[in-house]
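1. just to be clear, the model below is a prediction. Sequence and coordinates:
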Amino acid sequence: MRKHDKNKKFGRERGERRSLVKSLVRSLIVHEAMTTTEAKAKAIRPIVEKLVTRAKAATLADRRILTARIGDPKAAKKLVDTIAPNFKTRNGGYTRIIKLPLRKKDGAKMAYIEFVK
């Protein structure tokens, strides 16, 4: 019986893993699309979805929480001001993951994650 396997470890310690996920989320928000491994794309998807849902309300408390979770005030501002308004009538499903061919270097499964237009 597999227990405590909800989160992917990515072969990293807890602090490294949290920093990795935070930087991936920040990159996705800043660039609105990115190429990464399939496992990392699937790991950040629910985090980004929850952040967009919070950004749709756009209260001061939500902005502060977003800034704390993303770690970048400019990215949080972009999320609230430009990305979230596109999804005002949408109830979830803000991101799309497109599978790409394997990476030549190590054969890793690659994916393209982007915000749905």
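-> Structure received.
2. could you pull out the helices for this structure?
-> In the chain, the helices defined using DSSP state H lie at 14-31, 38-57, 60-70, 73-78.
3. can you tell which of the ones you listed is closest to Ile98?
-> Ile98 lies closest to helix 38-57 among these, at 9.2 Å (C-beta to C-beta). Just so you know, the C-beta spots here come from the backbone N, C-alpha and C atoms, and that holds for glycine as well.
4. buried stuff in the closest one?
-> Of all the residues in helix 38-57, those buried under the rule 16 or more other C-beta atoms under 10 Å are 38, 40-41, 43-45, 47-48, 51-56.
5. residue contacts, the nearest residue to Glu32 once chain neighbours are set aside?
-> Take Glu32 and drop its neighbours on the chain: the residue closest to it by C-beta to C-beta, 6 or more residues apart in numbering is Phe115, 5.3 Å away. The contact partners of Phe115, by C-beta atoms under 8 Å, 6 or more residues apart in numbering, come to 28, 32-33, 83, 86, 94-96.
6. would you format these as JSON lines with pLDDT included?
-> Shown next, in JSON lines, are those (pLDDT from 0 to 100):
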{"residue": "Leu28", "pLDDT": "98"}
{"residue": "Glu32", "pLDDT": "97"}
{"residue": "Ala33", "pLDDT": "98"}
{"residue": "Ile83", "pLDDT": "97"}
{"residue": "Asn86", "pLDDT": "96"}
{"residue": "Tyr94", "pLDDT": "97"}
{"residue": "Thr95", "pLDDT": "97"}
{"residue": "Arg96", "pLDDT": "98"}
